[in-house]
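[1] Following is a predicted model, sequence given first.
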Amino acid sequence: MTGLELGSKSHAQWKSNCAGLLACLLVFLLPAILLPQEKIPFFTQLLGDTKQKIYEIRYGKDGLPEGNLYEADTLHTGEEPVLAIRSEQKKNVYFKGYVGGTYANGVWEPLSGESYRGTSSGMLEWLAKKNFDPLTQTAQYYALGDEEDKPEANRVYVENTGASRYYIYAPASLEKITTRGAASEKKDQFLAAKGLFGKQNYGMTEVSSSRPAELVVAGSWVENPETEKQKTYSEAESVYRTFVYDHYTAVDQTMYDKMQEVFWEEDPSETDGIYSALGRIRKVLESRVTYSENQGAIPEDEDPVLWFLDESKEGNAMLYASTAVEALRAKGIPARYVEGYFLSESAPTGEKGQAELTGNDAHAWVEIYFDGIGWLPADVTPGYYYNVASLQKMVGSPDSVQKNVALENNSLSAEQITSVENRKSKAGEAVLPVLRSVSLFLLGLLGVLLILLTLLVIAAEAARIICLGPAAKKQQKERPGGRIRRTEARIYQYLCLWGIDAGLGWETAATDAELARRFPAVEPGEYTRVCHLIEKHIYGEILLSPYEERTLNHFLEKLTEPVPGCSWKMRLKLRYACLRRVNTKKKKRKHSAFQQK
């Protein structure tokens, strides 16, 4: 085999390796990047399953359907505890998690990032400079009003025992999170827990009355602010209110027509207030549909809200809340869909004042924006709201909040969410989640190391292909003398890798015997023949015949192949030896047989 033939063979192998690498990229990477995902269900399913597994490892399984009305039958997940709550006051409190601002194809999604760009770009940052936070706006409103109208702050502590740890479950009347570093705000919508595995225990304060939200009326100072703080609040609130009306009153034409037909065409009310609108929605729903906690399956080709109103005429809180949001929006009242857990004022509490919420306490409701005040919860689901007579009675009576007797004379701190007695009894159980978290972390670390190792192998293979390609092309164009000097350098490079101390014209017989012993493919005398051919060319300046050059190349190929019992380290060295440069310059050799002559 001539040097030209060897170069052609190496170049062909290099092109074959490149083609294989490109084929892998095309098969596994490009379809997921370039093609529409709906046309490659395999990649879509794989991506979805992977994201879900990662979510469950980090935060646990989520018991909320997260706005997917086609999964409304999963809203109530059973009797397993999900939240343990200690509250200083006994009243109805909605602990929100998921918030939906856009409805399409039967699913409520949070407002997209596009909603906060354009004319709304930088709005949240500007509001923050004004000390205005949409997630604590109600508490800010009360703090700036008359002292006698401000409800007493309520300290609340939450222990997440089975709900998704991704959310910080907090009421719309939140004043602040008292556990440092527990939460991060997701725009103006909800709070997410910080940390790799979310947050299990956290405390907060909230400010709200015991009356339903529809009875709340904004103070006169909102329209006519007097102090500088009130003026700053009113200025910021007017900016945020514009954003709210622009994005939380949107409803598509089909839904708008249906809401007008069902709720508003025959509305006898002459007012457009929230109180009268909620009353109208509740009255129509009472006469048109029936509440069913055991929600049935919804046909995939039907819009859940329309199907609820016209076909099934029964549904659970998700269908009631979704319908109410769309009806309010069609009336021009900003509203959004919320999921979370409902704590009733009549919920039983233990000796330490702790109420246990289970999967059956999962709920969906409406958040309505009250001008000047902020987002407040409202309910249209039967059993969760007061009738007209009760509401009228509340208007004429003073607002009073009952204290939690078990907590009235006890200090309340985040560390006391679970009592000492309970901690001792659950010490053994607490070890299991820790071990599980550690094992999951180690598995995740192992996965990351495997990915890094894979990337390293891919990089090494790519470098090898790049190295072999130019070398093969260069060898094709190289003069015979250059080819032979390069072959000589490679031979002694591989001998060095094998741990054989050898040099041209030095202890040739001993090296020949050692190679014949260690390499089954190398015959006795073959190395001596190779040395004589190299010296013939270098020192005798005689061009080798194609047959003689082929002898050198065959010997080199034998040195590049692993021998039986070869370690994996040696195999790696042999495979990637081509990445090291070799010196092909002529060196002075003291032990040359020609020089001895």
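    Good, I have the coordinates.
[2] switch to C-alpha atoms for all contacts and neighbour counts from now on
    Noted.
[3] contact partners of stretch 71-85?
    For stretch 71-85, the external contacting residues (CA atoms under 8 Å, 6 or more residues apart in numbering) are 63-65, 156-163, 293-297, 316, 318-319, 354-363, 417.
[4] any weak-confidence spans in this structure?
    Low-confidence segments of the chain (pLDDT under 70): 1-49, 270, 405-441, 444, 468-478, 581-597.
[5] Would you show me how to pick out the buried ones of the contacts of stretch 71-85 in ChimeraX?
    Buried residues within the contacts of stretch 71-85, by 16 or more other CA atoms under 10 Å, are selected in ChimeraX with:
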select :63,64,65,156,157,158,159,160,161,162,163,295,296,316,318,319,354,355,356,357,358,359,360,361,362,363,417
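[6] Can you tell me which of the contacts of stretch 71-85 end up in helices?
    The members of the contacts of stretch 71-85 that map onto helices under DSSP state H are 318, 319.
[7] Just the contacts of stretch 71-85: which are in strands?
    Here DSSP state E is the test, and those give 156, 157, 158, 159, 160, 354, 355, 356, 357, 358, 362, 363 as lying in strands.
[8] quick one: the second one and residue 86 touch, right?
    Yes: taking contacts as CA atoms under 8 Å, residue 157 lies within contact range of residue 86: 5.2 Å.
[9] Thought residue 378 was touching residue 366, still the case?
    Yes: if you go by CA under 8 Å, residue 366 and residue 378 touch, sitting 5.2 Å apart.
[10] Those two - which one has more neighbours?
    Using other CA atoms under 10 Å as the criterion, residue 366 and residue 378 rank with residue 366 on top: 27 against 21.
[11] the helices in the stretch 251-400 of the chain, which residues?
    253-259, 274-288, 304-307, 317-330, 388-395 (DSSP state H, counting those that start in this stretch).
[12] do you know how far residue 69 is from residue 378?
    Going from residue 69 to residue 378 by CA to CA, to the nearest Å gives 19 Å.
[13] next one: residue 75
    Distance, residue 75 to residue 378, using CA to CA: 18 Å.
[14] Spell out the residue ranges of the helices in the stretch 101-250 of the chain.
    With DSSP H, counting those that start in this stretch as the criterion, the stretch 101-250 of the chain has helices at 123-129, 137-144, 228-247.
[15] out of those, nearest to residue 402?
    Relative to residue 402, the nearest member of these by CA to CA is helix 137-144, separated by 19.5 Å.
[16] centre of the chain versus that closest one, how much separation?
    Put simply, helix 137-144 sits 33 Å off its chain's centre (CA atoms, centre = their mean, to the nearest Å).
[17] contact partners of it?
    Contacts to helix 137-144, defined as CA under 8 Å, 6+ apart, come from residues 132, 149-151, 172-175, 206-208, 229-230, 372-376.
[18] ok, now stretch 242-260?
    With CA under 8 Å, 6+ apart, stretch 242-260 has contacts from 101-103, 115, 120, 306, 326-330, 332-336, 369.
[19] Show me which residues of that stretch are buried.
    Burial within stretch 242-260, assessed by neighbour count using 16+ other CA under 10 Å, is assigned to 243, 244, 245, 247, 248, 249, 250, 251, 255, 256, 258, 259.
[20] For the closest residue to residue 59 other than its chain neighbours, give its distance to residue 289.
    Spatially, and ignoring its direct neighbours in sequence, residue 59 is nearest to residue 165 (4.6 Å; CA to CA, 6 or more residues apart in numbering). Per CA to CA, residue 165 is found 35 Å from residue 289.
[21] ok, the two, which is more surrounded?
    Neighbours were counted for residue 165 and for residue 289 using other CA under 10 Å; residue 165 has more, 25 against 17.
[22] Please give me every residue in contact with that one.
    Counting by CA under 8 Å, 6+ apart, residue 165 touches 58, 59, 60, 193, 197, 198, 199, 200.
[23] Tell me the bridge partners for residue 89.
    residue 403 (DSSP bridges).
[24] how many other residues sit next to it?
    The number of residues packed near residue 89 is 21, by other CA under 10 Å.
[25] close enough to count as contact, it and residue 400?
    No: in this structure residue 89 lies outside contact range of residue 400 using CA under 8 Å: 10.3 Å.
[26] Just give me how far stretch 225-243 sits from the chain centre.
    Taking mean C-alpha positions (CA atoms, centre = their mean), stretch 225-243 and its chain are 35 Å apart.
[27] whoops, stretch 540-552 was the one
    Counting by CA atoms, centre = their mean, stretch 540-552 is centred 64 Å from the centre of its parent chain.
[28] And that stretch, end to end?
    Distance across stretch 540-552, first residue to last, is 17 Å (CA to CA).
[29] For it, list every residue counted as buried.
    Going by neighbour count (16+ other CA under 10 Å), the buried part of stretch 540-552 is 543, 544, 548, 549, 550, 551, 552.
[30] and if you look at stretch 496-510?
    Neighbour counts using 16+ other CA under 10 Å place 498, 502, 503, 504, 505, 506, 508 of stretch 496-510 among the buried residues.
[31] And the first one, how far from residue 569?
    Which is residue 498. Residue 498 sits 11 Å away from residue 569, going by CA to CA.
[32] OK, contacts around the closest residue to residue 370 other than its chain neighbours?
    Excluding the flanking residues, the one nearest residue 370 by CA to CA, 6+ apart is residue 376, at 7.1 Å. Counting by CA under 8 Å, 6+ apart, residue 376 touches 138, 172, 173, 213, 367, 368, 369, 370.
[33] just to revisit the earlier point, which one among the ones in strands among the contacts of stretch 71-85 gets closest to residue 577?
    Nearest member of the ones in strands among the contacts of stretch 71-85 to residue 577, counting by CA to CA, is residue 160, at 56.3 Å.
[34] Next one: that closest one from residue 346, what distance?
    Applying CA to CA, the value for residue 160 to residue 346 is 21 Å.
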